[in-house]
Structures are given as structure tokens and as C-alpha cells.
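Q: sequence first, predicted model second:
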Amino acid sequence: MKIALIAHDKKKNEIIELAKKYREVLAGHELFATGTTGTLIMGETGLPIHRMKSGPLGGDQQIGAMLANGELDLIIFLRDPLTAQPHEPDVSALLRLCDVQRIPLATNASSATIMLEAMRNQIYFQ
């Protein structure tokens, strides 16, 4: 599977902890991430990650283009719903594309955990 990992600033620690906990699951897949998130996860886990630009600098759009082209299978995007994001239109477009393309999307640590546990147990979603 091709998996994108994205997190708003206040959610970076959560996505790092998820990546550490599910390192062995993620290691079996091709990973993509927005710039800072990818750098932090790689530093903590040693996982190879294709890094895009930072979200506000176009990384969300790069991930969106991959979605539109059918190049991603799962998105984990830990969003901070309580902080205004300067690139909110890009975020909304990304979420909409997940729905249009029928790509599983986790927007919080609880839903990401369910998806990663399903992957650990080799239960895949279509």
C-alpha cells in the first residue's frame, strides 16, 4: 500500500507516537508525508519516507495530486480542528478528494489506530 502521513503542528507528537508504535506495520508499505512531518517521523523511526513540501507550502496539494491520480491507498492526516490553518482550502480539498476517490482517511489518532490495527492483522479495506 501507498500511505500518506500528514499532521498539523499540534498533532506532530501524536503522529510520531503512532509511527513508533506501528513501525513494523508501516515498514511494509511505501510512505509519503508532508515535509516537516516526514522529517520528524524519519528521525524517530528510521522509516524511509518520500517527503513532499510542507503543507502550507504546497505539500497538501502534492498529496492531493497523488490522490487524484490514484497513487495513494490510505491517508493518515491528524488534523487540529481547534486552530485556524492558513491553508484550510487545501486541507478541505484533500479531504474531499479522499471521499471522491474512496480512499480511507483517518483524521485523528483513534481512527488511525483502528486502521493500523487492521493492517497489522492483515484486514484490508477496499
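A: Done, it's in. Residues are numbered from 1 along each chain as shown.
Q: counting contacts, what elements does the helix or strand bottoming out on mean pLDDT in the chain pack onto?
A: Lowest on mean pLDDT, DSSP states H and E among the helices and strands of the chain sits helix 88-101, with a mean of 87. On a contact count with 3 or more CB pairs under 8 Å, 6 or more residues apart in numbering; DSSP states H and E, helix 88-101 meets helix 59-68, strand 74-78, strand 105-106. (Each C-beta comes from the backbone N, C-alpha and C, glycine too.)
Q: would you list those in JSON lines and tack on mean pLDDT?
A: Shown next, in JSON lines, are those (pLDDT from 0 to 100):
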{"stretch": "helix 59-68", "mean pLDDT": "92"}
{"stretch": "strand 74-78", "mean pLDDT": "96"}
{"stretch": "strand 105-106", "mean pLDDT": "96"}
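Q: of the ones you listed, which stretch is the most buried?
A: Compared across those, strand 74-78 shows the largest average neighbour count, a mean of 24 (mean count of other CB atoms under 10 Å).
Q: how about low-confidence regions in the protein?
A: The model of the chain has pLDDT under 70 over residues 86-87, 125-126.
Q: now the least confident helix or strand of the chain against helix 59-68, angle please.
A: 10 degrees (axes from the mean of the first three to the mean of the last three CA atoms, to 10 degrees).
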